[in-house]
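S.K.: would you be able to build a 3D model of this:
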Amino acid sequence: MAEQEKQEIASPVAERSRTERAVALARLLHHECTHLLQLYREKETFLSGHTPEGGRIVSLSPDTEEPSTEEQVQLLHAALRQCLGLLHCLILKEEEEWGALEGDYETMRKNVKSRLELLLHSTKDLVGTEDRTLEVTPDTQCTEEIDGGRGVFGLKMWTYRVLLELIHWADHAAQTLHVFHKERGGTEEV
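M.R.: Model (predicted):
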């Protein structure tokens, strides 16, 4: 009897399409990125009075004026790779400056990194083809200067900008993948 109940509980999740899972994963990533920023703001209380300067860190330009939804997912994949690279750099630079961190912020940062890696694999599976292989490794070498190299304050503001960027692209991922899901014959509600 207990085995049958487990199967009934697991079956709706198991029956989810790849696009449904990708949308759910992107939404979860957005939620966790938002929570990570909240934890960072609690840790760095001075940020309440500061707004980071500069525009988008990650920006993409499509090859065509109106890319198809599949092309939008490919562009999204490229943006998420850049986001993973930024997160990778953020982790390296924070550990260089402060050593290994512990607590809720560190735990959530690890969750976001893992979730972002999963979403990259998911988008690769959705739109990768034999002709076009999508990479899932971070897209950065971590060599750029951080906001003009203004020391610890510069690092903290750059971290804030990276976290805002992660939120933006996770939200964009959820929206784009939802449209992709609907175009593939999925339900309106995911």
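S.K.: can we go C-alpha only for contacts and neighbour counts from here?
M.R.: Fine.
S.K.: what average pLDDT does the helix or strand where Ala79 lies get?
M.R.: Counting by DSSP states H and E, the element that carries Ala79 is helix 69-98. Averaged over helix 69-98, pLDDT sits at 91.
S.K.: do stretch 35-43 as well
M.R.: Rounded mean pLDDT across stretch 35-43 is 93.
S.K.: flag every buried residue along the helix holding Ala79.
M.R.: Going by neighbour count (16 or more other C-alpha atoms under 10 Å), the buried part of helix 69-98 is 70, 72-91, 93-94.
S.K.: next one: stretch 23-33
M.R.: 23-30, 32-33.
S.K.: torsion angles phi and psi at Pro52?
M.R.: Taking degrees, to the nearest 10, you get phi -70, psi 140 for the backbone angles of Pro52.
S.K.: can you count the residues close to it?
M.R.: 16 (other C-alpha atoms under 10 Å).
S.K.: for Asn111, same thing?
M.R.: If we define neighbours as other C-alpha under 10 Å, then Asn111 has 16 of them.
S.K.: distance of it relative to Thr34?
M.R.: In this view, Asn111 and Thr34 are 12 Å apart by C-alpha to C-alpha, to the nearest Å.
S.K.: what's the answer for Ala170, then?
M.R.: Ala170 is 10 Å from Thr34, by C-alpha to C-alpha.
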